[in-house]
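Enquirer: Sequence first, predicted model second:
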Amino acid sequence: MSKDVYVLGGYQTDFARNWTKEKKHFLAMMREAVLGGLERTGIEPSEIEVAHVGNFAAELYCMQGHLGAFFVEIDPAFSGIPTGRHEAACASGSIALLAASAEIEAGRYDLACVVGIEQMKTVNAAKGGDFLGTAAWYDREAKGIDFPFPKLFGKLGDEYDKRYGLKDEYLAGISTVNYANAKHNPNAQTRTWYMNKGHALCRNEHNAEVGGRIRIADCSQVTDGAAAIFVASADYAKKWAARRGVGLDDIPRIKGWGHHTARLRFVDKVAESKDDEYVLPHVRSTITDAWERAGIADVAGIDAIETHDCFTTSEYMAIDHFGITKPGESWKAVDEGWIELGGKHPINPSGGLIGAGHPVGCTGVRQVLDAHHQVKDSAGDLQVKGAKNVQTLNIGGSGTTSVSFIVGV
């Protein structure tokens with residue numbers, strides 16, 4: 001029995017929408033993502049055998065738990081199917097996908113739906129920042145602190161500065177690339193926003209400090225959004241491909257994956273890595289595990305990357321952890337234009353979390369959906385020419401839970 005897990009496609013909502021202002025429950029968002037995905041893939045609701053929902057904090061933002069059960073409300077055909085909700089902070093969507101793919105590999109089911117979802121615009125920025133603090137060790141790192149996560153990822157930049165040196169101009173360059181890519185993404189939250197490197201570099205009220213070296217331009221967005229994807233066994237994928245008049249070899253699949261969990265507090269992560277060339281070695285291992293499982297030697301075998309740029313410092317970290325540069329030399333990739341859409345190592349063609357948006361529980365699913373579009377040559381203006389292998393990196397907490405997938409044909 002083949003253990004390949006195929007990605008058949010899916011659907012993403014428009015991340016610029018504010019579902020609270022529209023007076024819509026998050027179920028409407030989930031329904032749009034799932035029904036939209038069914039329509040685009042030609043899958044019938046009755047074919048879905050199991051569903052997994054990735055979500056971070058609906059109990060806080062929406063006063064609602066038990067999100068797996070809401071999947072059953074989408075279509076009468078779903079009544080009675082097994083469902084579950086998965087939480088790992090900003091990596092919740094990837095954890096849901098890991099669970100679904102493991103069930104496919106085990107032969108339990110042949111077709112699964114994975115939904116990532118978060119409705120975040122139900123509260124003001126200060127309250128939302130406090131909610132996000134629960135992705136850290138709340139009592140020790142976030143309680144009573146305004147906007148704790150920008151401060152934590154500011155410390156990541158500080159650690160790079162301490163070990164290797166870090167200039168603000170390189171963080172501004174990362175922000176500029178993500179905003180530029182987002183302008184070509186019809187679902188990106190910032191597609192109509194203004195941004196250039198000069199604005200990202202300014203140090204005034206137009207780009208205010210949020211936490212330490214982190215400014216507004218360095219931050220991912222507060223976003224309402226959902227994405228749904230369908231993953232399948234080789235047996236189902238072969239039948240599905242025949243219905244659509246294509247070969248099984250044309251269907252993207254998950255070639256490799258990695259998953260590690262580090263200490264929860266950022267200070268403990270840094271203490272553990274003090275003698276390591278990588279600031280977050282467990283993130284590095286997540287990336288290299290995915291390569292090993294995919295039979296890929298290094299980043300030269302990856303055509304594009306969708307990484308977790310919750311802040312510019314997390315993308316700066318990702319650049320050297322992917323091996324695009326030597327540790328501490330991520331600035332070279334920014335300076336030389338390697339990470340731009342037409343560069344030698346394109347990062348976040350979608351615009352990433354900074355440009356496209358970051359509905360927390362959705363991001364890991366959205367990344368894999370974008371990777372699917374890339375290797376199918378269906379990414380439109382975001383397309384990386386000739387992309388055959390695309391890697392994701394989804395991070396929960398301050399580098400705590402990291403998950404990576406390689407999607408390819």
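Expert: Received, thanks.

Enquirer: CA only for contacts and neighbour counts going forward, please
Expert: OK.

Enquirer: any chance you could map the strands in the protein?
Expert: For the chain, the strands defined by DSSP state E occupy 6-12, 50-54, 83-86, 111-118, 209-211, 214-215, 225-232, 253-261, 304-306, 389-392, 394-396, 401-408.

Enquirer: Just the CA atoms of stretch 354-374, as PDB, please.
Expert: Extracted in PDB, the C-alpha atoms of stretch 354-374 (Å, rounded to 0.1, in the frame of the first residue of the first chain):
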ATOM      1  CA  ILE A 354       3.300  40.300   6.900                       C
ATOM      2  CA  GLY A 355       1.700  40.900   3.500                       C
ATOM      3  CA  ALA A 356      -1.000  38.200   3.000                       C
ATOM      4  CA  GLY A 357      -2.200  38.100   6.600                       C
ATOM      5  CA  HIS A 358      -2.000  35.900   9.600                       C
ATOM      6  CA  PRO A 359      -5.200  34.300  10.800                       C
ATOM      7  CA  VAL A 360      -3.300  32.300  13.400                       C
ATOM      8  CA  GLY A 361      -4.900  28.800  13.200                       C
ATOM      9  CA  CYS A 362      -5.100  29.100   9.400                       C
ATOM     10  CA  THR A 363      -1.600  29.900   8.400                       C
ATOM     11  CA  GLY A 364      -0.100  26.400   8.100                       C
ATOM     12  CA  VAL A 365      -3.000  25.300   5.900                       C
ATOM     13  CA  ARG A 366      -2.800  28.400   3.800                       C
ATOM     14  CA  GLN A 367       1.000  27.900   3.200                       C
ATOM     15  CA  VAL A 368       0.400  24.400   2.000                       C
ATOM     16  CA  LEU A 369      -2.400  25.500  -0.300                       C
ATOM     17  CA  ASP A 370      -0.100  28.200  -1.800                       C
ATOM     18  CA  ALA A 371       2.600  25.500  -2.200                       C
ATOM     19  CA  HIS A 372       0.100  23.400  -4.100                       C
ATOM     20  CA  HIS A 373      -0.700  26.300  -6.400                       C
ATOM     21  CA  GLN A 374       3.000  26.900  -7.100                       C
END
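
Enquirer: re the thing from before, using JSON lines, lay out the strands of the chain together with distance to Arg31 and mean neighbour count.
Expert: Supplementary listing: the strands of the chain in JSON lines, determined by distance: least, CA to CA, whole Å; neighbours: other CA atoms under 10 Å:
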{"stretch": "strand 6-12", "distance to Arg31": "11", "mean neighbour count": "25"}
{"stretch": "strand 50-54", "distance to Arg31": "12", "mean neighbour count": "28"}
{"stretch": "strand 83-86", "distance to Arg31": "15", "mean neighbour count": "22"}
{"stretch": "strand 111-118", "distance to Arg31": "10", "mean neighbour count": "29"}
{"stretch": "strand 209-211", "distance to Arg31": "35", "mean neighbour count": "18"}
{"stretch": "strand 214-215", "distance to Arg31": "35", "mean neighbour count": "24"}
{"stretch": "strand 225-232", "distance to Arg31": "9", "mean neighbour count": "29"}
{"stretch": "strand 253-261", "distance to Arg31": "25", "mean neighbour count": "22"}
{"stretch": "strand 304-306", "distance to Arg31": "25", "mean neighbour count": "28"}
{"stretch": "strand 389-392", "distance to Arg31": "25", "mean neighbour count": "28"}
{"stretch": "strand 394-396", "distance to Arg31": "24", "mean neighbour count": "28"}
{"stretch": "strand 401-408", "distance to Arg31": "25", "mean neighbour count": "28"}
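
Enquirer: Mind telling me which of the ones you listed the model trusts least?
Expert: For the strands of the chain, the stretch scoring lowest in mean pLDDT is strand 209-211; its value is a mean of 88.
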